[in-house]
Structures are given as C-alpha cells and as structure tokens.
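Novice: Okay, sequence plus prediction incoming.
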Amino acid sequence: MKLYALLNIFLCFSGIAIAQSPESSATIEFGSRNLTLDQPFLISVVLRDVETRPAVIFPEIKDLEKRSKSATSSVSTVDGRKVVIQTITQEYYATKAGNYLIPEFNLNVNNQRLHSEETMVVFAKSGEEGENVLAAEDLDVSEVDDNSQSVFLSVQTDKKQVYIRQGFSVRISLYIAENAPVQMEFYRFNEQLQGILKAIRPVTCWEENVGVEEIIKRKVTIRGRKYAEYNMYQARFFPITTEDIRLPSVKLDMLVTENGAAVNVENKLVKAFRSKPVQVVVRQLPDHPLRDQVAVGQYSLRETLSSDLVYPGESVRYMFKIEGVGNIAAIPAPVIQTNSSFDIYPPEVSQVVKRSYQNVVGEKTFDYFVVPRKDGEFPLGRYFHWVYFDIEKGKYDTLRSAASLEVRGDEYKLTNLSLSGSSGLYDNLESLDSSRETIDYKKILKDLTNILIVLLLVTMIWVFRK
C-alpha cells in the first residue's frame with residue numbers, strides 16, 4: 001500500500017516538474033546549405049529571454065575557414081511582456097567548390113549543452129576565379145611600410161575622420177608572414193588582452209562589439225605578401241563628443257621559438273610587438289536646432305496603418321519603423337506635432353540590432369495608437385516626422401509619413417463616455433490612481449504549484465514514517 005501511494009506521489013511530482021520546466025531557451029540553427037564560394041555557411045545560436053549575450057565558441061570544421069562573427073539582438077513587447085532574442089552567428093568559408101560534411105557537435109551556452117546533428121553543405125563555383133576567390137583576402141594595412149616586417153601588431157580603424165555619433169570600426173590583429181623564420185605561441189593572452197582593451201577603448205564613445213571569445217586565424221595578402229591574421233578584438237564605436245579619438249600604441253608579448261644555428265637547437269624567449277598609435281578626427285554637425293539630438297547614419301522609413309478609413313473615436317494602429325545603418329539603440333522617437341484632431345498614445349518601442357565589424361544595422365519600431373476626434377482627411381506627414389543627419393549626403397534629412405487617414409462621422413465627444421466632461425484622453429490623468437498593481441496570474445500559478453510540490457514532499461515523508 002505504501003509503495004502504491006509512493007508511486008502515485010512520484011508520478012504527480014514528476015508531472016508538475018515537467019509542466020514547470022520551460023522550453024529550451026537556446027537552439028542551434030543553420031543557414032542555407034547550397035552556397036557559392038563567395039557566400040558563407042552560417043551557424044547561429046539563438047537565445048530567448050536572455051538579456052546578456054553569452055560567450056559562444058563555435059566548432060572548427062575541417063576544410064572550412066572561420067571568418068567574421070555577428071550578434072543580433074531583438075527587443076519587443078508582446079502582451080505587455082518584454083521579449084528579448086539574442087542571435088550569435090559564425091561565418092564559415094570554403095576555398096574550393098565541393099560537398100562538405102558538417103559533423104555533429106556540442107556547444108555549451110549558459111550552462112546548457114546544445115547538440116547539433118551532422119549535415120551536408122554544398123559550395124559551388126561563383127565565377128571565373130573559381131577555387132581561388134577566397135584563398136586570401138587583400139588588405140591595406142598602414143603599419144606595413146614595406147615587406148620587411150614578418151610579424152607585427154596592428155590596431156586598425158576603417159575611418160580616419162567621422163562626424164559625432166557616426167560609427168567607425170576598430171580591429172586588433174597580429175600578423176605573421178607565412179615564410180617567417182619563427183614559431184610563436186600566445187603568452188598570458190587573456191591578461192594581456194584586458195590591459196590592451198583598457199588602453200584602447202575610448203571613454204567618449206558608445207561601443208557596440210560582437211565579442212571575440214577565441215582568436216580567429218585567416219589568410220590575408222598585404223602588398224603581395226601572404227600573412228596569417230590572428231584577430232583578437234573588433235568593435236564599432238560611436239563618438240558622443242567632438243573630442244578627437246586617440247588610440248595609443250599597445251604592446252603584445254609573444255613566446256617566440258627561434259631556430260638556432262646548431263642542429264635541433266631551439267630557444268624560447270618572450271618578445272614584445274607594438275602597434276602604431278591611431279587617431280580619428282571627430283567633426284561637429286552643421287548648425288541645426290536639433291543638432292545635439294539627431295541620429296547620424298543612413299536611414300529609411302517603413303510605415304503601416306492598420307486602417308486608412310475610421311470613425312471618430314475609433315482607434316487605429318500606426319507603425320513608424322526606422323531602418324538603416326547607425327547606432328540603432330540610440331535612435332530617438334519621432335517628433336509628434338501636437339494637435340486637437342487626434343489623441344496619440346505613447347508608442348510601444350521594439351528594435352532589432354545586428355552588430356558586426358563592418359557595420360551596425362537594424363531597425364527601431366514605434367507603434368502608436370491614434371484616436372481621431374473629428375472627421376476629415378488627415379495626411380499623417382503633418383503629425384509624424386523624424387530628422388536625422390545623412391552621412392552620405394552630408395546634410396540633414398527628414399523621414400516624413402506618406403500615409404493618409406480618412407475619418408468619417410460625427411465629431412467624437414468624450415463627454416458621451418465620461419460624466420466629467422473631459423475633452424481629451426489625457427485630461428485629469430493626474431487624478432487616476434497609478435498605485436494599484438496589476439494581477440500577475442503567472443506568478444500566482446507558479447506560487448501555487450510550488451506550494452503543492454512542498455505538500456507532496458511532506459506527504460511522501462509522512463508515508464515513509466508510517
């Protein structure tokens with residue numbers, strides 16, 4: 001009888017535990033499996049409801065070369081709940097056409113073990129250059145004045161002059177020539193890297209980095225000489241002041257093995273390599289009333305109106321989405337022209353930001369509820385617009401709504417709904433009681449479930465003691 005009671009308690013307890021366990025918050029996803037040589041094969045880790053981006057070390061795949069990594073974060077609101085999705089993507093390139101087997105592998109992400117089954121990827125030739133198209137990437141690195149440097153440390157920026165709030169890239173790499181007469185090992189690397197980043201990171205900039213959890217090696221060609229590049233750090237910076245950016249010279253110690261004159265004699269020693277200092281000039285924007293507030297970059301507008309014909313008092317949903325290249329997270333809301341024709345609620349804001357060494361791209365969406373008060377034809381461009389500085393044109397530009405809303409019917413009077421005779425949705429707002437808390441049914445259910453588990457445990461102990 002005791003065994004029967006214990007079995008029932010165990011089954012009930014197991015069912016409750018399974019019901020409480022959330023679905024996997026992290027998954028592995030593959031990109032297209034049919035590619036050309038100029039296209040990368042993508043492996044992504046997608047994490048849901050994770051605010052902080054974790055470190056992810058992707059596997060080494062035979063005959064494929066790791067290249068750039070990117071990180072995308074999506075923040076939105078669903079049913080009043082904040083939803084965050086992080087996507088970390090690694091690129092793999094092939095040097096020649098053919099079929100490549102991606103073996104099964106495991107990744108450890110946030111103390112969670114993710115498993116991927118094996119798959120096949122096909123790379124086809126992309127043009128006349130065929131198999132050599134990605135054999136080595138041509139670079140122009142200012143640290144190399146001639147081909148005499150077999151090993152050098154480089155701090156590179158993709159721009160030497162930017163506007164305030166315009167992004168520029170920083171990349172730290174060690175370059176070793178293929179025919180260099182030495183062998184090298186990294187020496188106390190993590191400790192050294194922290195010191196380098198502390199010296200390099202400008203305090204007057206907003207940083208958007210992908211995160212380099214491992215040293216990525218790739219083949220490059222610099223002024224006709226082949227090198228192996230060991231990339232240690234890459235990020236994009238957005239200056240928030242007009243102070244020029246000065247990246248000082250930094251030092252990296254390497255453990256170098258030099259072959260001696262005698263046979264089988266090798267000497268290991270610590271050798272320092274220094275980068276050259278770099279300066280980025282920051283320019284102020286031209287005069288404008290919103291000069292200190294506008295975003296800087298290249299942007300476009302996408303908009304959606306749930307209905308272009310409504311009655312007075314009937315709400316309509318209007319989405320104002322800004323897409324482009326720039327500091328997406330810092331994009332300000334559109335300027336709303338106050339008027340007596342509409343009541344416009346504060347927007348729900350969501351964003352998708354993709355960070356890579358080349359650029360920060362994405363979109364920011366402002367979702368409004370609009371309630372018209374009277375009939376008429378209303379071009380929304382009168383009420384919704386967004387000013388920014390276009391870095392390509394070198395001047396200010398405005399994204400203005402092209403939508404139009406038609407309102408038909410008698411003028412909407414809020415007095416029909418309220419004895420107070422209010423003429424606006426926000427009138428007497430201060431008299432509302434905002435201290436009342438909403439009921440969190442999910443929390444209540446979780447607490448009740450936990451109480452039930454405790455009761456089952458107590459019952460199980462009582463059965464044993466009997």
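Specialist: Thanks, I have the structure now.
Novice: In this protein, mark out all the helices, start to finish.
Specialist: For the chain, the helices defined by DSSP state H cover 2-20, 189-200, 441-465.
Novice: worst average pLDDT in these?
Specialist: Confidence, taken as mean pLDDT, is least for helix 2-20 of the helices of the chain (a mean of 49).
Novice: Measure how far stretch 159-173 is from the centre of its chain, please.
Specialist: Distance of stretch 159-173 from its chain centroid, counting by CA atoms, centre = their mean, to the nearest Å, is 18 Å.
Novice: For that stretch, output the C-alpha coordinates as PDB.
Specialist: In PDB, the C-alpha atoms belonging to stretch 159-173 read as follows (Å, rounded to 0.1, in the frame of the first residue of the first chain):
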ATOM      1  CA  LYS A 159      37.800  55.600 -41.000                       C
ATOM      2  CA  LYS A 160      40.200  58.400 -40.100                       C
ATOM      3  CA  GLN A 161      37.500  61.100 -39.800                       C
ATOM      4  CA  VAL A 162      33.900  60.800 -38.700                       C
ATOM      5  CA  TYR A 163      31.000  63.000 -37.600                       C
ATOM      6  CA  ILE A 164      29.900  63.000 -34.000                       C
ATOM      7  CA  ARG A 165      27.700  59.900 -33.400                       C
ATOM      8  CA  GLN A 166      28.900  58.300 -36.700                       C
ATOM      9  CA  GLY A 167      30.300  54.800 -36.300                       C
ATOM     10  CA  PHE A 168      33.800  53.600 -37.000                       C
ATOM     11  CA  SER A 169      35.400  50.200 -36.600                       C
ATOM     12  CA  VAL A 170      38.400  49.200 -34.500                       C
ATOM     13  CA  ARG A 171      40.200  45.900 -35.100                       C
ATOM     14  CA  ILE A 172      43.200  44.500 -33.200                       C
ATOM     15  CA  SER A 173      45.200  41.800 -35.000                       C
END
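Novice: Which residues belonging to that stretch are considered buried?
Specialist: 162, 163, 164, 165, 166, 167, 168, 169, 170, 171, 172, 173 (16 or more other CB atoms under 10 Å). (Each C-beta comes from the backbone N, C-alpha and C, glycine too.)
Novice: how much space between the second one and residue 96?
Specialist: Spelled out, it's residue 163. 43 Å (CB to CB, to the nearest Å).
Novice: Over to the fifth one?
Specialist: Going from residue 166 to residue 96 by CB to CB gives 39 Å.
Novice: circling back to that earlier point, how about the buried residues of stretch 159-173, which pair is most distant?
Specialist: 164 and 173 (27.4 Å; CB to CB).
Novice: so who does the residue nearest in space to the middle of the chain touch?
Specialist: Geometric centre of the chain, nearest residue: residue 72, 3.0 Å, by CA atoms, centre = their mean. Residues near residue 72 by CB atoms under 8 Å, 6 or more residues apart in numbering: 86, 87, 88, 89, 352, 353, 354, 355, 362.
Novice: same thing but at 10 Å, please
Specialist: 44, 46, 53, 85-89, 352-356, 361-362 (CB atoms under 10 Å, 6 or more residues apart in numbering).
Novice: so what's it bridging to?
Specialist: According to DSSP bridges, the partner residues bridging residue 72 are residue 87, residue 354.
Novice: Point out where this protein drops to low pLDDT.
Specialist: Flagging of the chain using pLDDT under 70 yields the residue ranges 1-24, 127-140, 142-148, 212-213, 258-266, 411-443, 463-466.
Novice: tell me the domain boundaries of the protein?
Specialist: 1-24+438-466, 31-130, 136-284, 295-424 (automatic domain parsing).
Novice: Let me see the ranges of the strands in the stretch 301-450 of the chain.
Specialist: Applying DSSP state E, counting those that start in this stretch to the stretch 301-450 of the chain gives strands spanning 309-310, 316-326, 335-336, 342-344, 348-355, 360-372, 376-379, 384-390, 395-400, 404-407.
Novice: now for the ones you listed, which one comes closest to residue 64?
Specialist: Going by CB to CB, the one of the strands of the stretch 301-450 of the chain nearest residue 64 is strand 348-355, 22.3 Å.
Novice: Next, the angle from that closest one to strand 316-326.
Specialist: 20 degrees (axes from the mean of the first three to the mean of the last three CA atoms, to 10 degrees).
Novice: rewinding a little: which one of the buried residues of stretch 159-173 is nearest to residue 318?
Specialist: Residue 318 lies nearest to residue 165 out of the buried residues of stretch 159-173, by CB to CB, at 27.1 Å.
Novice: For that closest one, list the residues it contacts.
Specialist: Under the criterion of CB under 10 Å, 6+ apart, the neighbours of residue 165 are 205-206, 238-241, 282, 285, 292, 294-297, 326-327, 330, 388-389, 391.
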